[in-house]
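A.B. asks: Quick one: sequence and predicted model below, then my questions.
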Amino acid sequence: MFGTQSKRDLALELQAQFPILRPSIHARRANIVVKFQDLYGFTVEGNVDDVNVLNEVREKVRQQGRVWWALEASKGANWYLQTQVSSISEGIVLKSSLKFSTLANAITLKKLIRKGIPPVLRPKVWFSLSGAAKKKSTVPESYYNDLTKAVAGKVTPATRQIDHDLPRTFPGHPWLDTPEGHAALRRVLVVYSFRDSDVGYCQGLNYVAALLLLVMKTEEDAFWMLAVLLENVLVNDCYTNNLSGCHVEQRVFKDLLAKKCPRIAANLEALEFDVSLVATEWFLCLFSKSLPSETTLRVWDVLFYEGAKVLFHVALAIFKMKEEELLLTHQVGDVINILQRTTHHLFDPDELLTVAFDKIGFMTTNTISKQRKKQEPEVMKELDQRLRRLNSLKEDDK
């Protein structure tokens, strides 16, 4: 696709993807809730203010697209692949032989990605920068098709759960919620469940894979993006049977919330509110069930370049943005309502990411890794105790 299209064609395609949303005069006067489709086919409900925000965001994306085209014209196509920087671990890691021009490219790229990758470039930029292209290159060209054929018709606990979850994955979407969409999503999830038997399938991956399909356009590319996400970008064991990695992430997040937002953390502790009530879904679904799709994909732009620390930045930002409201809460239900209302109406990704990176403060992957190692023993101890209790109950039932 991208090899045959001119920059002008791509620019026109980008412009066509961003229609101006115009609520009716009656809706504007009454300020009632309006429904509209976003760029990826999801039905969105919001008021006229939300529509205005979306229009402003789409204009920014058009401007950002022009920046990318200008860079391609001046630096050459795929210039971002020549940064020679280890991006996933820290964003920018200097090498002794790093040229000044390469460093300048890397700094430019990091800033550009945080401002958003144009939707028409997103598939190829993700595929290249995330490591998915490199991962795919290590196996025969026919790997995905061969594995798809090899596992066809096989039934496992994973395939049964996948079949159960397909109709519940973004119901009502004009493509995902069709026989064709279900079949494509099923193949991606089933094939991956056989590639990595330790993960198999975990609820939450259906939403992630579905959104990857919408962005990447092809099953095979979506499959490799899912593979690099689970095998390289995210922490180990997030999606294994006992979800040990996810439990560790929740403990790390709780500690970071206490450090970065101490007043909020103190109030939540007084309410006996467990942040995992909301954050578990955020981390397992990578915000795909919580944030509007266009905002989610802006988060993923940064996630695929800077790594899993981005999830902590964004989760903390959601709490930070509603700090004053959260400090006035007296019931757990009020906290949940505020956070759900906030995430569902976060149509401006720039607002979210500005708080995430400018107001939350600097966090390195190394610091978060140390926090994980600190929490792992206690998590494994709790999971072991839970397993012992379950086994004991089973013995009693015999």
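C.D. replies: Yep, that arrived. Since we're looking at a predicted model, the values are computed, not measured.
A.B. asks: Any stretches of the stretch 251-398 of the chain with poor pLDDT?
C.D. replies: Applying pLDDT under 70 to the stretch 251-398 of the chain picks out residues 394-398.
A.B. asks: So which residues of it form helices?
C.D. replies: Remark: helices assigned in the stretch 251-398 of the chain by DSSP state H, counting those that start in this stretch are 262-270, 276-285, 293-306, 309-321, 323-327, 332-344, 349-354, 365-397.
A.B. asks: ok and the fourth one relative to helix 262-270, angle-wise?
C.D. replies: Between helix 309-321 and helix 262-270, the angle formed by their directions is 80 degrees, by axes from the mean of the first three to the mean of the last three C-alpha atoms, to 10 degrees.
A.B. asks: by contact count, what packs against helix 309-321?
C.D. replies: For helix 309-321, the packing partners by 3 or more C-beta pairs under 8 Å, 6 or more residues apart in numbering; DSSP states H and E come out as helix 244-260, helix 276-285, helix 293-306, helix 332-344, helix 349-354, helix 365-397. Quick note: C-beta positions are derived from backbone N, CA and C, even for glycine.
A.B. asks: so that helix versus helix 365-397, what angle?
C.D. replies: 90 degrees.
A.B. asks: Let me see the residues that make contact with helix 309-321.
C.D. replies: 249, 252-253, 256-257, 260-261, 264, 279, 282-283, 286-287, 299, 302-303, 326, 339, 342-343, 346, 351-353, 355-357, 359-360, 363-365, 368 (C-beta atoms under 8 Å, 6 or more residues apart in numbering).
A.B. asks: Could you pick out the buried ones from these?
C.D. replies: 249, 252-253, 256-257, 260-261, 264, 279, 282-283, 286-287, 299, 302-303, 326, 339, 342-343, 346, 352-353, 355-357, 360, 363, 365, 368 (16 or more other C-beta atoms under 10 Å).
A.B. asks: in stretch 131-146, what counts as buried?
C.D. replies: Of the residues in stretch 131-146, those buried (16+ other C-beta under 10 Å) are 131-133, 135-136, 143-144.
A.B. asks: Stretch 292-302 too?
C.D. replies: Buried positions in stretch 292-302, judged by neighbour count with 16+ other C-beta under 10 Å: 292-302.
A.B. asks: mind checking how far it is from the chain centre?
C.D. replies: The gap between where stretch 292-302 is centred and where its chain is centred comes out at 6 Å by C-alpha atoms, centre = their mean, to the nearest Å.
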